[in-house]
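Enquirer: kindly generate the corresponding structure for this input.
(chains A and B)
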Amino acid sequence: MTSEPVRLLRGTVDVMIVKALSWGPLHGYAISQWIAATTDDAFSIQEGALYPALRRLEEKGLLESRWSVTDTGREARFYRLTAAGRQWLQREVRVWARYVEAMSRVLSSISPRVEGA
Amino acid sequence: MKRGGREERRRLRVFELPVGEDVRREVRFHMDMKVDALVAQGWPEEAARQEAERIFGDAATFEAECRRIAARQRRSVRRSMQWDALWQDVRFGARLVARRPGFTAMAVLTLALGIGANTAVFSVMNGLVLAPLPYADADRLVSVWEQSESGRPNRVAEPNYLDWRERARTIEVMAAYRGPWLTPVTGGADAVRGAVSIVTEDFFRVLRARALHGRLPSAVEVGRNSGDLVVVSERFWRTALRGEPDLDRIALTLADRTLPVAAVLPARFDFPGGTDVWIPRPPDAGGDRTSHNYEVVGRLAAASSLESARTELRSIGQALAREHAGSIDAVSAGVTPLGESLYGSYRRPLMMLLGAAAFVLLIACTNLASALLARSKAREREMAVRASVGANRSRLVRQLLTESLMLAWLGGAAGLGLAWAGLRALRWTTSPRVLQLRAIEVDLTLLLFTLLASVLAAVLFGLVPALRAREGSTATLLRSGGRGGTGRRTPLWDLLVAFEVALALVLLVSCGLLLRSFRAMLDVDRGFDTDGVLAIDVFVPESVHASDAALAQAQTQWIEALAQLPGVESAGIVSALPGSYGLNGGVDREGLESAYAEYRVASEGYFAALRIPLERGRLFDASDQMQSQPVVLVDEAFAAQFYPGTDPIGRRIRNLRNDAWHYGSESWLTIVGVVGSVRAVGTLGDPAPTVYVLQRQRPLRARDGVITLRTAVRAEAVLPGVRQVMERLAADVPFEIGTAHARIIEPVADRRFAMLVVAGFAAIALALAAIGIHAVVSYVVERRTREMGIRIAIGAVPAGVAGQIVREAMRVVGVGLAGGVLVSFGTARLMRGWLVATPAVDPSTLTLVVLLLGGVSLLASLIPAIRVTRIDPILALRAE
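Expert: Residues are numbered from 1 along each chain as shown, chains lettered A, B, ... in the order given. Sure, this is the predicted structure:
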């Protein structure tokens, strides 16, 4: 159950992180809670897996981070999208939309024949 | 935060934590938040923590991966920051350089002198010694020579060359050549003087020459029409022949024969150096083995090494010496790489010049180091401020080095220009053979050399102040307001000044020794005197005064007319001046074994003009005419060597080899007198035995001769008269007037050139040292104005205070002088082989140089020190 979806998960997690940050800076915990809530925990991601993904996105220049203080007075590492990250998200959204559309057509088809063949 | 460097500081904030701590804290925050959330949902504390850890997954693995990525990212960011910093340094440096034009100009000029000196010498060296000869597979080319009994290499006699060529297997192909010498050449309309060389048929094959235009004659063709065509240089073709593309339309008239031009050689083909016209012709097998007229160049066979060629030629040479015992004077034969035999003799003097140039650069660097040191003191406050706002020490050092490097590169560029201009100027003003041998051009090697010299210089002069900047304590500097309270010279400064003085001393001593040696060489009693003597080179074309009788008569007429000119004491003609390449060969003595001698054609006026004394018998006189008994004069060396203990007067000699073919070897010449021997300038050994044949009886060899005039007045005064006479009596004869002195010292022109260059370097060194001392003392005075002011205010005599400053400076100079004297002992030893009649350790030169340098140093420190006496104590105190 863990090994098989990883290939899918990795790219997916990136998109989810960037999407989560599209409204403004968040710390890692907040991002994980947003993903869990939004997806109804459908992917049951290990929360720790989020952090290497965050670091990698930062290295790629899609995110930047700084230590700051939360509302509750704790010190946390806040991430925020860069301009490059925002553009990347727009591209990914289009790719995903096509993917989902194509897959849902495949899975909802009712005939084995191709029309016009 | 919004100002410059925001980007950098933002990055720095991210990096406040070490990577490990950064990752750990982030994970801990996550856990704490999760636990809090679970507890809020009603989980017990302990269970909540376990649940949080379960949901998080393998924390250790995730943390390790985070650390790895973060570390990688930091490295790359740091790299890009370094580039940013470098760029910042460069911009900052450029601003500083531009803001202080005076200082920059001084620094760049100083460096340009140092780097330019090195570049100039190196470019000559690069052209002559380092770069390969411009011929295909030039490393396979060798020079082959005869070894005379004295063990020295000698020119080659034709029959020996022919035997080598036939027997040698290690040398694939071998050619003989001689020349170039200047001859009137008529090409089309104008008569010009061309440098002509005679080469054997294989010459162009040895050098693998390719024609630029036309076709080079094959060996067979040359053999068939011996001497019936010529090959010309690109330069000659372009200038004298006006670049006529159709070679069929041009022919050269040379030695009264009209020869077609077969080919034009490319511009870089310059061998034998300076040749305009090559006449290929087969060698003469009938020549004798003691007439050393040729030089030989060969190409090693594919399978043989230099060593095997040496071995083979040695044995061939020794075999020939046995086979032709009695008629050969060579004992063996030798082989040298061509480049070495052509330019090898320049290696040592050039190394010496490069050494001298290196000294100049060192002095320039020392000067700049101390100037930068002074400036770095002035900038201490700036540095302290920068350090206090976060620049670390190594960053500051880097900043200083960047500035040095920029100065050095500016200096290097200026130096390159200076070297180029200097070499061009030298080519115009003097004619040292060194500079004419091969084109000296700015190439990649030279640029690399200059670049390297600049970087080296930057490190040398930039490192000292930079390292000092490292030492200073920020706090004390800030507190003192960047104004050194007393501004005393530091030991480092003293060291630099002493070092500079020592270097200058070494250079001056070397220069002094060379000067002395050169003077000694000229001052040797050479047996002749050229003071006030004019030399007129005449080149009589063979078409003019074709017969011997007409030639002799014409020569005599010129000499007599010139002798009549007011101010002229005596006039004569000679085939070649002492030291010029003349003829030599075997001489038969009546009833005795044959001898060997230099051979000159002369008239009696020549001996008078050069004040060559008559030792015994008589000179030529009016009774000796063309048809009278053939007479000859011999010199003391000839008499001593070949008629020891007897009187040579009245003895007869004949068969002067180079004469024989023209006058017949049968006629005996009677020795009528013995004249003093002459030594060529640049030689110190025993004079060569010489015979003088009378011009009226043997005019031919003086066809291209030198008329010598001794003048009682200044030479310039008689010049118009000389020109008039020559133009009236010898309208169809090209001639050139110069002083005999200039002609005589030609063989030592290179030596003189080297000496002048070293003298130039020494002068620069002296000036730089003086500037350096002046600058340091000025700075000390400026810094200590307040202290001086106080001392003067409380009663010190201003002159005394100034004296103290000078004394302090001179103490340092003294240390430098002493050190320099010690070092000069070492360098003089290196120069010993180069010095003539001059001891390597020469007390008088040393004394003179110490006095000169000491005096200049004194002056250089006195000038700024005197300013102390003008200090107004009140102003000085207020100034702080």
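
Enquirer: show me what from chain A comes close to chain B.
Expert: Within chain A, the residues that sit near chain B (Cβ under 8 Å from any Cβ of the partner chain) are A:27-29, A:32-33, A:46-49, A:51-52, A:55-56, A:58-59, A:65-67, A:74-77. Every C-beta, even on glycine, is put in place using the N, C-alpha and C of the backbone.

Enquirer: now list the buried members of these.
Expert: The neighbour count (16 or more other Cβ atoms under 10 Å in any protein chain shown) marks A:27-29, A:32-33, A:46-49, A:51-52, A:55-56, A:58-59, A:65, A:67, A:76-77 as buried among those.

Enquirer: now the end-to-end length of stretch B:261-270.
Expert: With Cα to Cα, to the nearest Å as the measure, stretch B:261-270 spans 17 Å from end to end.

Enquirer: what lies in contact with it?
Expert: With contacts defined as Cβ atoms under 8 Å, 6 or more residues apart in numbering or on different chains, stretch B:261-270 is touched by B:134-135, B:207, B:209-217, B:229-235, B:237, B:241, B:247, B:250-252, B:278, B:438-439.

Enquirer: list the buried residues in it.
Expert: For stretch B:261-270, by 16+ other Cβ under 10 Å, it's B:261-265, B:269-270.

Enquirer: with stretch B:556-570 instead?
Expert: Buried residues in stretch B:556-570, counted by 16+ other Cβ under 10 Å: B:556, B:558-559, B:561-563, B:565, B:567-568, B:570.

Enquirer: in helices, which of these appear?
Expert: In helices, judged by DSSP state H, the following of those are found: B:556, B:558-559, B:561-563.

Enquirer: out of the residues you listed, who's near chain A?
Expert: When Cβ under 8 Å from any Cβ is taken as the criterion, no member of those contacts chain A.

Enquirer: could you find the closest non-adjacent residue to the residue nearest the centre of chain A?
Expert: Closest to where the C-alpha atoms of chain A average out (Cα atoms, centre = their mean) is A:Met16, at 1.6 Å. Nearest non-adjacent residue to A:Met16, counting by Cβ to Cβ, 6 or more residues apart in numbering or on different chains: A:Ile35, 5.0 Å away.

Enquirer: per-residue pLDDT, the one you found?
Expert: According to the prediction, A:Ile35 has pLDDT 88.

Enquirer: what about it, distance to chain B?
Expert: 12 Å (Cβ to the nearest Cβ, to the nearest Å).

Enquirer: name the element B:Ser332 belongs to?
Expert: strand B:330-337 (DSSP states H and E).

Enquirer: coming back round to it: who are the neighbours in contact with the residue nearest to the centre of chain A?
Expert: For A:Met16, the contact set (Cβ under 8 Å, 6+ apart) comprises A:35, A:38-39.

Enquirer: next one: B:Phe539
Expert: Per Cβ under 8 Å, 6+ apart, neighbours of B:Phe539: B:182-184, B:193, B:703-704, B:733-735.

Enquirer: next structured bit after the strand or helix carrying B:Arg54?
Expert: Per DSSP H and E: B:Arg54 is located in helix B:45-56. Note on helix B:45-56: by DSSP H and E, the next helix or strand toward the C-terminus is helix B:59-99.

Enquirer: near chain A at all, that next one?
Expert: Yes - on the criterion Cβ under 8 Å from any Cβ, helix B:59-99 is in touch with chain A at B:59, B:61-63, B:65-66, B:69-70, B:72-73.

Enquirer: can I get the buried part of those residues as one ChimeraX selection?
Expert: To isolate the buried members of the residues of helix B:59-99 next to chain A in ChimeraX, using 16+ other Cβ under 10 Å:
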select /B:59,62,63,65,66,69,70,73
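
Enquirer: returning to that earlier point: quick one: which of the contacts of stretch B:261-270 sit in helices?
Expert: Using DSSP H, these in helices are B:234-235, B:237.

Enquirer: next, the contact list for the residue of chain B found nearest chain A, please.
Expert: Nearest residue of chain B to chain A, counting by Cβ to the nearest Cβ: B:Gly57, 3.2 Å away. Counting by Cβ under 8 Å, 6+ apart, B:Gly57 makes contact with A:46-49.

Enquirer: and which of these is nearest to chain B?
Expert: Using Cβ to the nearest Cβ, A:Gln46 is the member of the contacts of B:Gly57 that lies nearest chain B, at 3.2 Å.
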